[in-house]
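Q: Got a sequence here, can you build the structure:
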Amino acid sequence: MGAWQDLEGLEEKVDPSRAALVIVDIQNDFCHRDGFLGKLGAPLGLVQEMVPRLQKLVESARAAKALVVHVVSYHDEEYASVVVTEQKVRNGHDLSEGGRRRRDAPYCIRGTFGAELYEIEPLPGEVIVEKYRYSGFHGTNLDLVLRGHGIQTVVLTGTATNVCVESTARDVYSHDYYLMMVNDCTATTNAADHEHALRVIDTYFGHVVSSDDIMSVWDRRGDSAAVAAVAASAG
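A: The predicted model follows:
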């Protein structure tokens, strides 16, 4: 990786040669009506309305040759701790299963429908980072992946805005990456929590931007790359 540069303005910061699109927890248990939250009756409308916008942003990133990283949560009991269990119980999670109490809530269990990605499938070669706590950096190889690709800016998306996305956003800043939090490609179960998280991020940790802001740069780069590819094949 070359030396990091001081970057100014949207155009420089989200240049696809130095920016990564990071997608947090777009999994069935958090997004699908038949997933864990859906079966509990959680209001998933804002999350489901967000996903088509995220799909467009993913397509733009791919066309522009930006790095795409899928961060996924697993909550198998082997990853839990007494602290995780206590926090879930204290906040009213039902940890019972088959007559016993689990160490973690029964969602995003490896190999189940709930842990599968929701309507966004990684392409071959795209990075998948597994996490076991809220932040995409804690105990994972995300920092190594980003630095290995020469990334300076993280374009952050996913769910829930005020939990795993916000936790990851704070660590983006703490790891000295520029942060672009995409306001219409993040979501949670209610608008107030979403807006509060965005205000905190924009004040202390990075920039809050729209997907149109990002695609205004990436789509131009994608068009240029397509033209160059056609020219190369014709030559």
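
Q: contacts and neighbour counts: CA atoms only from here.
A: OK.

Q: In this structure T186 contacts E49, no?
A: No - assessed by CA atoms under 8 Å, T186 is found out of contact with E49, at 10.2 Å.

Q: Looking only at neighbour counts, state which of the two leads.
A: Taking neighbours as other CA atoms under 10 Å, T186 and E49 compare with T186 leading, 28 against 13.

Q: Only the buried residues of stretch 86-93, if you could.
A: K88 (16 or more other CA atoms under 10 Å).

Q: what about A187, neighbour count?
A: Neighbours of A187 (other CA under 10 Å): 27.

Q: Centre of the chain to the longest strand belonging to the chain, how far?
A: Using DSSP state E, we find that the single longest strand of the chain is strand 178-187. Relative to its chain's centre, strand 178-187 lies at 9 Å (CA atoms, centre = their mean, to the nearest Å).

Q: Paired strands for it, with orientation please.
A: strand 153-159 (parallel), strand 207-209 (parallel) (DSSP bridges).

Q: Point out the most buried one among the ones you listed.
A: strand 153-159 (a mean of 26; mean count of other CA atoms under 10 Å).

Q: Output it as CSV, nothing but the C-alphas.
A: C-alpha atoms of strand 153-159 as CSV (Å, rounded to 0.1, in the frame of the first residue of the first chain):
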residue,chain,number,x,y,z
THR,A,153,-12.3,5.9,3.0
VAL,A,154,-15.1,3.7,4.2
VAL,A,155,-18.5,4.2,2.6
LEU,A,156,-20.7,2.7,5.3
THR,A,157,-24.1,1.1,4.8
GLY,A,158,-26.4,-1.5,6.4
THR,A,159,-28.5,-2.1,9.5
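
Q: CA atoms only: put whichever strand or helix holds F30 into PDB for me.
A: For F30, the enclosing helix or strand under DSSP states H and E is helix 28-31. In PDB, the C-alpha atoms belonging to helix 28-31 read as follows (Å, rounded to 0.1, in the frame of the first residue of the first chain):
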ATOM      1  CA  ASN A  28     -32.600 -12.300   6.800                       C
ATOM      2  CA  ASP A  29     -33.000 -12.200  10.600                       C
ATOM      3  CA  PHE A  30     -32.700  -8.400  10.500                       C
ATOM      4  CA  CYS A  31     -34.500  -7.700   7.200                       C
END
